[in-house]
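Participant: Return atomic coordinates for the entry below.
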Amino acid sequence: MITIDISTKFIEEYTRIYVVRPGAHYRLFTQFIDEGFVGPELPSLELPTFEKLSDVKDLTERVMRSVAIRRWHTSGQREAMLPARELQSYQPKAADRATSQFLRVTKAYFSELKKGDLVIVPPINFRGMAEIGEILEGPSAVKEIVVQRYPGEPLSGRTVKWMGSIPKADLPAQALDALQKPTSIFLLARNSWPQIFRRAYGSYSTAAEFSSIFEITSENFRTTDDFYIQAFFNFVVANTQAVSEGRKDMQGFKEAAFADIKAIAPDLFTNVNSPGGISLKSSMITPIVIAAMLAIAIVLGPEAVAAAESGQIVFGNSMAPAGDPCVAQVSEQVVTQLRLLGFDKWAEACHFAREAAERTGVNSNVLVGR
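Facilitator: Okay, the predicted model is just below:
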């Protein structure tokens with residue numbers, strides 16, 4: 001039995017992407033990444049158990065105390081006594097500008113930032129890699145870490161699973177401009193989200209679009225390699241359209257390479273710097289089908305036709321619950337195409353796909369197992 005994991009993340013309509021500064025001067029970047037954590041640089045915030053942050057009636061006092069403790073640690077003077085620990089010592093009416101700013105930041109982390117949202121954590125180095133992570137739990141699941149700067153005064157924040165990375169220099173101008181200001185967390189402009197989704201998940205889908213990314217891992221990349229890859233994309237697009245229309249006349253690799261598919265071709269985004277990547281996006285499921293067909297061509301080759309004909313290919317999606325509709329759509333397309341193409345046409349496509357993969361390392365995030 002052959003298993004195909006399409007590894008496609010479904011992005012809920014309420015998912016958001018935030019940019020998070022890892023402490024003042026980015027000084028907590030390494031610890032945030034190592035410990036799977038994001039949060040405000042507020043030592044000993046000590047949030048009580050809550051369902052909604054609005055349930056914490058003394059939130060302002062807690063933030064005021066934390067700001068005072070932070071100032072004590074960073075002042076370098078180290079007065080004889082730490083700031084008062086009793087919350088009743090802090091009067092909300094006396095909150096200064098810094099307290100008001102940190103109060104907004106606290107609400108962003110523990111109220112606005114939801115489970116499943118993505119966060120981008122940039123390093124201080126402009127040429128460094130910013131990490132992209134997914135928030136694993138709801139706002140009330142508070143995680144604490146201890147940092148050297150505030151001994152015995154833990155920071156409170158959220159648990160993150162790191163999913164990918166992007167050069168800081170490639171972040172949108174809007175984000176880079178905002179990082180010049182003291183804002184420690186802000187929402188990324190929506191028009192930049194697809195790029196981050198692709199970096200985090202490779203293949204993803206929303207209610208309106210499907211997208212896949214194809215990594216180029218080799219330093220070698222010739223014009224013929226580019227042609228073979230693009231021709232394979234066209235080959236799958238043309239035949240996906242034929243299957244969708246109920247036709248049985250599958251086009252061969254060379255024929256489909258020059259087919260008129262302008263009306264149905266996915267949008268193409270390239271960054272082939274060897275290494276680099278190629279991204280496809282479409283309102284139809286075609287990019288996911290291409291990703292699956294490319295992985296099958298490279299890993300299984302011509303034998304995939306016999307496996308499809310004998311019902312020996314099983315599809316799944318490790319990034320979605322059981323019953324994911326993408327699985328059924330991709331399975332129907334791939335199996336039908338393999339059966340209708342037959343050994344000869346599919347073998348020809350596999351030859352060119354494998355030749356391109358051998359030189360460039362091109363691959364999708366679809367996993368093929370035996």
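Participant: So which residue is dead centre in this structure?
Facilitator: Most central in the chain under C-alpha atoms, centre = their mean is Ala200, positioned 1.9 Å from the mean C-alpha point.
Participant: That one belongs to a helix, doesn't it?
Facilitator: Yes - according to DSSP: H, G, I helix; E, B strand; the rest coil, the state of Ala200 is that of a helix.
Participant: pretty sure it contacts Ser165?
Facilitator: No - checked against C-beta atoms under 8 Å, the pair Ala200 and Ser165 is beyond contact range at 9.2 Å. Yep, even glycine has a C-beta here, placed from its N, CA and C like the rest.
Participant: Now tell me what touches stretch 329-336 from outside.
Facilitator: 4, 6, 240, 243-244, 285, 288-289, 292-293, 296, 308, 313, 315 (C-beta atoms under 8 Å, 6 or more residues apart in numbering).
Participant: wait, doesn't Pro92 sit right on Arg62?
Facilitator: No - assessed by C-beta under 8 Å, Pro92 is found out of contact with Arg62, at 10.6 Å.
Participant: Now the common contact residues for those two.
Facilitator: By C-beta under 8 Å, 6+ apart, no residue touches both Pro92 and Arg62.
Participant: Between the two, point out the one with more neighbours.
Facilitator: Arg62 (21 against 13; other C-beta atoms under 10 Å).
Participant: Hmm, that one is touching Pro43, no?
Facilitator: No - contact between Arg62 and Pro43 fails when scored by C-beta under 8 Å: they sit 11.4 Å apart.
Participant: what stretches of the stretch 151-300 of the chain score poorly on pLDDT?
Facilitator: Residues of the stretch 151-300 of the chain that meet the criterion pLDDT under 70 lie in 270-275.
Participant: for it, what spans make up the helices?
Facilitator: For the stretch 151-300 of the chain, the helices defined by DSSP state H, counting those that start in this stretch cover 173-178, 193-201, 223-244, 253-257, 286-299.
Participant: Counting neighbours, what do you get for Phe227?
Facilitator: Neighbours of Phe227 using other C-beta under 10 Å come to 13.
Participant: Repeat that for Pro48.
Facilitator: Neighbours of Pro48 (other C-beta under 10 Å): 11.
Participant: show me the contacts for the closest residue to it other than its chain neighbours.
Facilitator: Distance criterion C-beta to C-beta, 6 or more residues apart in numbering; nearest residue to Pro48, sequence neighbours excluded, is Val56 at 6.3 Å. Val56 is in contact with 47-48, 50, 62, counting by C-beta under 8 Å, 6+ apart.
Participant: One more: Glu144?
Facilitator: Counting by C-beta under 8 Å, 6+ apart, Glu144 has contacts 154-157.
Participant: Which residues belonging to stretch 103-116 are considered buried?
Facilitator: 103, 105-110, 113, 116 (16 or more other C-beta atoms under 10 Å).
Participant: For it, measure first residue to last.
Facilitator: 23 Å (C-alpha to C-alpha, to the nearest Å).
Participant: list the contacts for the nearest residue to Ile11 once chain neighbours are set aside?
Facilitator: Computed as C-beta to C-beta, 6+ apart, the closest residue to Ile11 that is not its neighbour in sequence is Thr206, at 4.7 Å. Thr206 sits next to 10-11, 13 when contact means C-beta under 8 Å, 6+ apart.
Participant: Tell me which residues are up against stretch 163-174.
Facilitator: Contacts of stretch 163-174 (C-beta under 8 Å, 6+ apart): 19, 118, 120, 122-123, 125-134, 176, 188-189, 192, 195-196, 199-201.
Participant: I'd like to check what contacts stretch 3-10. Which residues are they?
Facilitator: Contacts for stretch 3-10 (C-beta under 8 Å, 6+ apart): 197, 200-206, 210, 212, 288, 291-292, 295-296, 313-320, 324, 326-327, 330-331, 334, 365-370.
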